[in-house]
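Trainee: have a look; sequence and predicted model below, questions after that.
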Amino acid sequence: MVGPARRRQAIEHILSLGMCSARRASRWIGLSRSALYRPLKSGGELEALLLRRIIELSLEYPTYGYRFDTAKLRKEGWRISFKKVQRLRRKEGLAAKANTSKKTRRGTSCATPAGAEAVNDVWCWDFIHDVTEDGRSIRILSIVDEYSRFCVELRASRSLKAQDVVKLLEKPIAKYRTVKEES
């Protein structure tokens, strides 16, 4: 679609050739006569000044966006819309920096637990879930010593119930507790 500026040029060309009246040419081209005679907006110097001020505001307040800039410009006396400021900021590649403040965790009342200082001090355990080739599920319980990374127990089963886990824990506790007590 041709914009109003190009339509105005077409009408002026038709009028310069003397082909018809301004009224008829604007009707044919599809531009109202008021738009034909309306003076063009000259945004050269004014827009450059506005753009300079927007860049200054963006450097001064890097975390704020186009709404803040528009409010500041309006307080300074500029008659401008949000869309214009947004368009100019986007054209210049100005974007508000995201506020990356670190969020504090809630609900933790105690200090972080101390790491293992010797073998068999702390054991970590994890359930791993996978699916076999025939589509049936399999669960794996792995118990690892945190200090030495030694695998204390590793058990795979189709289902692991709470009683099974307790029984599995009794065996390594009985075996490795005696080792710790002896040393």
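Mentor: Looks like it arrived, so ask away.

Trainee: use CA for all of it now, contacts and neighbours both
Mentor: Noted.

Trainee: surely Glu153 is in a helix?
Mentor: No: according to DSSP: H, G, I helix; E, B strand; the rest coil, Glu153 belongs to no helix; its state is strand.

Trainee: is it true that it touches Lys175?
Mentor: No: the criterion here is C-alpha atoms under 8 Å, and Glu153 misses it with Lys175 at 11.1 Å.

Trainee: of these two, which one has the most company?
Mentor: Using other C-alpha atoms under 10 Å as the criterion, Glu153 and Lys175 rank with Glu153 on top: 15 against 11.

Trainee: which residues does the more buried one contact?
Mentor: Leu141, Ser142, Ile143, Val144, Leu168, Pro172 (C-alpha atoms under 8 Å, 6 or more residues apart in numbering).

Trainee: can we see that at 7 Å?
Mentor: Ser142, Ile143 (C-alpha atoms under 7 Å, 6 or more residues apart in numbering).

Trainee: for Ile140, see how far away it is.
Mentor: 10 Å (C-alpha to C-alpha, to the nearest Å).

Trainee: what's the answer for Tyr176, then?
Mentor: 21 Å.

Trainee: more crowded one of these two?
Mentor: Taking other C-alpha under 10 Å, Tyr176 and Ile140 do not tie; Ile140 has more neighbours (17 against 14).

Trainee: would you agree that one falls within a strand?
Mentor: Yes: Ile140 forms part of a strand when assessed by three-state DSSP.

Trainee: wait, doesn't it sit right on His129?
Mentor: Yes: contact criterion C-alpha atoms under 7 Å: Ile140 and His129 qualify, at 6.4 Å.

Trainee: between these two, which contacts overlap?
Mentor: Joint contacts of Ile140 and His129 (C-alpha under 7 Å, 6+ apart) do not exist.

Trainee: let me know the secondary structure of Phe127.
Mentor: Recorded secondary structure, Phe127: strand (three-state DSSP).

Trainee: pLDDT value on the nearest residue to it once chain neighbours are set aside, please?
Mentor: Nearest residue to Phe127, sequence neighbours excluded (C-alpha to C-alpha, 6 or more residues apart in numbering): Leu141, at 4.7 Å. Per-residue confidence at Leu141 stands at 91 (pLDDT).
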